[in-house]
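1. With the input below, show me the fold.
(chains A and B)
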Amino acid sequence: MKVALIGLGSVGRGVAEMLAKKDLGLTITGIADSKSAFMDPAGIDISRILANKKKNGSCGDQHLTAEDVIKKADYDALIEVTPTNALSGEPAIGYIRAALSRKKHVVTSNKGPIALAAKELRAMAKKKGVALRYEATVAGAIPVMHTLEHGLAGNEILALYGVLNGTCNFILTRMAAEGLTYEQALMEAREMGYAEADPTYDVQGIDAAIKLVILANTIWDNGVKLSDVDRTGIDLLTPDALRLADEEGCTIRLIAEANPKKHLLRVSPRILEKNHPLVNDGTLNALTFETDMAKEITLIGRGAGSIETASAIIGDLLYIRDHYVQRA
Amino acid sequence: MKLEMKDSPGQLVAALKPISDVGGNIIAVIHQRDPDIDGDTLNVQIVLELPKGRLDNLVSLLKEQGVKIQRIGEERLLYQRTVIMIGHLMHTDLSDTVDQIDSTGFAEVCELAMSMPAVNERSSSRITIKAVSREDMEAALAILRRVSQQKSLLLIEPLEDSA
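-> Take a look at the predicted model:
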């Protein structure tokens, strides 16, 4: 199967490296970063492109753009891994539309388009008879969407709650373990590369809320938006609060929670017993589904990282290859 | 409850049966002979859990069995939850915050632990609330949510199974 890769940040590089390293039968025929692009219907030498990118800061021809690749390259599936814009979803929404209109499958890790325009994009994909998959948008490497779609097929999902932001989980872990203040733990998270220079998206629960919106729309198709999420971050937590919880055998985690029957859509710091399955150390993510038949199912794993996210993207690509492309 | 019954074979079983008949759950039976009391009667203390509104039914069933009820003590606050509140708790009148729960009649604050690092810094507290039922607990937490918002306090609730 031929794929085009748009975006060569951490996730894009992870995907490119894994496709080059593993013999998965996936050939990259188009590639683009924010400044340049490159196409070759016979397959691109990824290691040369990545070396080029490292040396010159761009991957290919500066006269070509991502749009050129999406509209002209010869590919079966588009891998859209440009940075998330939670306000407009652009330019990713435009990229995805353009690929779908050419009847190309799309796999994305980009939360913006899925949180903002999932309904429209899904309808478009359906109309064109292609797949739009976004496993990597929620909880990184954890196969959340595959579990919902296949493993839990036929179940009614009654509620979900989980830890969907690794940065917050790291900060809370460190505050509880060492009695650090929020500011100290945040500084440590920055040094470890877990927090952005501007940590607002993570620590105020916006990132977790976007993922919650994606999950709710995927499961219940209820059209909820980011502004519908009742959201409280972790930036006002004190070390004393964690100590008071600890005295009772508990700790605090940032929990994203949805229960349509109770009209509940909330991201907030919560008290959990330390042996609760959602209490994990460091940057791990965890997610529990409550269902009618399977009852509770909890998935735990890495929520971020270059190769970890590539795992989710490659899972989507191979699903498309096995269910659409090979049969066609 | 403390019961008085005839000290003859089968009496204790006869006294216990109505409890399960009304859907009650026996937690403990304390059965001790008191040397000061004459030989025909037996005093038994029973600790049990009873669904709401079944007590009158149980009392009349026991009377039919010839069992005399000496005393009924009721622990009505069965549901307990612990929350954490962060903010300027003293400046925003902590006793008023507690009173908003206590004055409901169906819930009360039964434990409070506090930490005040310095004047003008936000303090942290752990508050344990008891309530009559799950619904009452929800209502009590709703009051705390509203008060926290009014007083700009950060309320951290426990995570419950929601479905």
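2. Mind checking what secondary structure A:Leu8 has?
-> Put simply, A:Leu8 is coil when judged by DSSP: H, G, I helix; E, B strand; the rest coil.
3. Please apply the same query to B:Gln45.
-> Under three-state DSSP, B:Gln45 comes out as strand.
4. Excluding chain neighbours, what is closest to it?
-> B:Ile30 (4.1 Å; CB to CB, 6 or more residues apart in numbering or on different chains). Heads up, the C-betas are built off the backbone N, CA and C, glycines and all.
5. which element is the one you found on?
-> Element membership of B:Ile30, judged by DSSP states H and E, is strand B:25-31.
6. quick one, phi psi at B:Cys110?
-> Reported as degrees, to the nearest 10, the phi and psi values for B:Cys110 are phi -110, psi -10.
7. What's the local residue count around it?
-> A total of 14 residues lie near B:Cys110 under the criterion other CB atoms under 10 Å in any protein chain shown.
8. How about A:Glu308?
-> 19.
9. if we can go back for a sec, what does the strand holding B:Ile30 contact?
-> The contact list for strand B:25-31 (CB atoms under 8 Å, 6 or more residues apart in numbering or on different chains) reads B:12, B:16, B:19-20, B:42, B:44-50.
10. Run a quick neighbour tally on the residue nearest to B:Gln45.
-> Neighbour tally, B:Ile30, other CB under 10 Å: 10.
11. hey, what's A:Ile252 bridged with?
-> In this entry, A:Ile252 is beta-bridged to A:Ile271, by DSSP bridges.
12. How about the contacts made by it?
-> Contacts of A:Ile252 by CB under 8 Å, 6+ apart are A:172, A:176, A:234, A:237, A:241-242, A:245, A:269-272, B:84, B:156.
13. Apply 7 Å and report the result again.
-> Contact analysis of A:Ile252 by CB atoms under 7 Å, 6 or more residues apart in numbering or on different chains lists A:172, A:237, A:241-242, A:245, A:269-271, B:156.
14. In strands, which of these fall?
-> A:269-271, B:156 (DSSP state E).
15. How many residues are close by the nearest residue to B:Pro158 once chain neighbours are set aside?
-> Counting by CB to CB, 6+ apart, the nearest residue to B:Pro158 once its immediate chain neighbours are dropped is A:Ile271, at 4.4 Å. Residues lying near A:Ile271 (other CB under 10 Å) number 23.
16. Just the pLDDT for A:Ile271.
-> According to the prediction, A:Ile271 has pLDDT 97.
17. quick one, what contacts it?
-> A:245, A:250, A:252, B:82, B:84, B:156-159.
18. before we move on, back to that, could I get the average pLDDT for the strand holding B:Ile30?
-> 80.
19. In the sheet, which strands lie alongside it, parallel or antiparallel?
-> strand B:41-49 (antiparallel).
20. Keeping just the C-alphas, turn the strand it pairs with into PDB.
-> Taking C-alpha atoms only, strand B:41-49 is exported to PDB below (Å, rounded to 0.1, in the frame of the first residue of the first chain):
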ATOM      1  CA  THR B  41     -35.800 -14.100  80.200                       C
ATOM      2  CA  LEU B  42     -32.900 -13.700  77.800                       C
ATOM      3  CA  ASN B  43     -31.400 -10.400  76.700                       C
ATOM      4  CA  VAL B  44     -30.100 -10.300  73.100                       C
ATOM      5  CA  GLN B  45     -28.500  -7.400  71.200                       C
ATOM      6  CA  ILE B  46     -28.700  -7.500  67.500                       C
ATOM      7  CA  VAL B  47     -26.800  -5.200  65.100                       C
ATOM      8  CA  LEU B  48     -28.500  -5.100  61.700                       C
ATOM      9  CA  GLU B  49     -28.900  -3.200  58.500                       C
END
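21. Summarise which helices and strands whatever helix or strand comes next after it is packed against.
-> Later in the chain than strand B:41-49, the nearest helix or strand by DSSP H and E is helix B:55-64. When contacts are defined as 3 or more CB pairs under 7 Å, 6 or more residues apart in numbering or on different chains; DSSP states H and E, helix B:55-64 sits against helix B:11-21.
22. List the buried residues of the lowest-mean-pLDDT helix or strand in chain B.
-> Across the helices and strands of chain B, mean confidence by mean pLDDT, DSSP states H and E is lowest for strand B:2-6: a mean of 77. Under the neighbour-count criterion of 16 or more other CB atoms under 10 Å in any protein chain shown, strand B:2-6 has B:3-6 buried.
23. possible to save the residues you listed as JSON lines with distance to chain A?
-> What follows is these, written out as JSON lines (distance: CB to the nearest CB, whole Å):
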{"residue": "B:Leu3", "distance to chain A": "37"}
{"residue": "B:Glu4", "distance to chain A": "41"}
{"residue": "B:Met5", "distance to chain A": "42"}
{"residue": "B:Lys6", "distance to chain A": "47"}
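24. Redo those residues as JSON lines? Include distance to A:Ala294.
-> Output for the buried residues of strand B:2-6, formatted as JSON lines (distance: CB to CB, whole Å):
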{"residue": "B:Leu3", "distance to A:Ala294": "46"}
{"residue": "B:Glu4", "distance to A:Ala294": "52"}
{"residue": "B:Met5", "distance to A:Ala294": "50"}
{"residue": "B:Lys6", "distance to A:Ala294": "54"}
